[in-house]
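Any chance you could fold what I've pasted below:
(one chain, ligands or ions: 2)
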Amino acid sequence: MLDGPKLNNAENYVYNNFKQEVNNLFSLSVKADKVFSITQPLQRLFAITLIIVVIIYGGFRVSQGTLTTGTLISFMIFLLQLIGPINNVADFYNNYMNAKGSTEKIFSILNTKTEKNKLSNLDIHSVSKPFTLSLKNATFAYSETIILKNINMCFKSGENIAIVGATGSGKSTIINLITRLYPLKEGMLFLNQKDALEINLYDWRSLFGVVSQENTIFSGSILDNLIFGLNYKPSEEKIEKALKIANLYTEIKHLSKGVYTLIGERGMKLSGGQRQRLQIARAYLKDADFLILDEATSSLDSNTEKGIIDNLKTIMKDKTIISIAHRLSTIVDADRIYFIENKVIKDFGTHFDLLKRVPEYRKYIKEQIIKVEEDI
Ligand SMILES: Nc1ncnc2c1ncn2[C@@H]1O[C@H](COP(=O)(O)OP(=O)(O)O)[C@@H](O)[C@H]1O
Ligand SMILES: [Mg+2]
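Ligands and ions are numbered 1, 2, ... in the order given. Reported below is the predicted structural model:
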């Protein structure tokens, strides 16, 4: 986070924004203090005036003989006891206005709509394995801007599928559609013959192990990160296996505290590649039916990437692997490649089918896919 402004030469921009916010806060506090400096003395002045009036009037009545000194003194004592609560009522108003300002912010967060779908109540066991996930004529738009149009795709159990296309073509959006993070504008999503919207979201998400472009490592130990969100406690052997698959085992073994080493803000800093490998190990442990790798290996060198992908393919034979990658070695032996261009699926097939059939695919491979020596 802190490197963001530095890398973008944006120190001045951030500093000026911050300065302006501090100045705003300062002038608001001065304003509040000004109001306070008038209302508080007024409140006290009112109380003192009240006491003086009572003393003068009461004294006058005593001198007239229409009031006893005892009654005046009792009246004064009651009055003094009343002044405290009256002041409290005035303070209450100040505190109330203060709290109202802060709670409005909190409520705006609390009022964020929870993900809901009226139809979603079936559990995932209402669909029997093997699973086939499919998008039928799916269209997605951000407000009015169409991002993907008439998408038809299917992911069968045990298949190894790749999605390719230029940056911004909508690959990550497809992942967000099938994991139901985004709703379809048109079309449908199915698991076997069942409409996805009928299955409750919690169960639906349990279908996917996702290693996304976003960094989902948080502060805590390596182990905390590995078992984050799992619905079972993996054995030591399973954790060891996960680390081996993700090519992390030796690195972690050399740490004095092993998997208990703290990482994140106050712990050890991980490299981009280490973060990605940790997320892969976590996704493996989730043991989900669909493993999604969205540019999950972009920070790894090609040998490490190939090693990990091969490990995953061998070990997760019965699972579906969906990969979005920019390296030829990762996509070349996919069972099916979906090539996205101009919001639609231009074509799909194996790498060699597409090379033969689709000139745009040839161009894309030539210009945008990272090739390493062993790929050529
Ligand atoms: N929150 C958003 N609001 C509007 N447009 C968005 C938003 N997120 C992504 N997009 C647009 O959607 C398109 C597809 O994005 P994305 O699926 O992330 O592409 P890819 O993963 O293929 O690089 C891009 O053109 C992007 O500009
Ligand atoms: Mg993306």
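
what's near enough to touch the residue of the stretch 1-150 of the chain found nearest ligand 1?
Of all residues in the stretch 1-150 of the chain, Y142 sits closest to ligand 1, at 3.7 Å by C-beta to the nearest ligand atom. C-beta: built from backbone N, CA, C; applies to glycine. Y142 is in contact with no residue at all, counting by C-beta atoms under 8 Å, 6 or more residues apart in numbering.

now it: how far from A196?
21 Å (C-beta to C-beta, to the nearest Å).

One more: H351?
Noted for H351: a distance of 29 Å to A196, by C-beta to C-beta.

out of the two, which sits in the more crowded spot?
A196 (23 against 19; other C-beta atoms under 10 Å).

helix or strand for the nearest residue to the more buried one once chain neighbours are set aside, which one?
Nearest residue to A196 in three dimensions, chain neighbours excluded: L189, at 4.0 Å (C-beta to C-beta, 6 or more residues apart in numbering). If you go by DSSP states H and E, L189 is part of strand 186-191.

That strand pairs with which strands?
Sheet pairing for strand 186-191, assigned by DSSP bridges, gives strand 132-142 (antiparallel), strand 194-195 (antiparallel).

Closest to the centroid, which residue in this protein?
The structure's the chain has its C-alpha centroid closest to T216; by C-alpha atoms, centre = their mean the separation is 8.4 Å.

Helix, strand or coil: sort out that one for me.
Under DSSP: H, G, I helix; E, B strand; the rest coil, T216 falls in the coil class.

Can you read off the pLDDT for D33?
Confidence at D33, expressed as pLDDT, is 89.

What are the boundaries of the helices in the protein?
3-7, 11-64, 69-110, 171-178, 201-205, 222-227, 236-245, 249-253, 272-286, 302-315, 328-331, 351-357, 359-368 (DSSP state H).

okay, and for the stretch 1-150 of the chain, where does confidence drop off?
1-7, 116-119 (pLDDT under 70).

quick one: contacts for the closest residue to ligand 2 within it?
Nearest residue of the stretch 1-150 of the chain to ligand 2, counting by C-beta to the ion: I147, 11.7 Å away. Residues in contact with I147 (C-beta under 8 Å, 6+ apart) are 140-141, 170, 173, 343.
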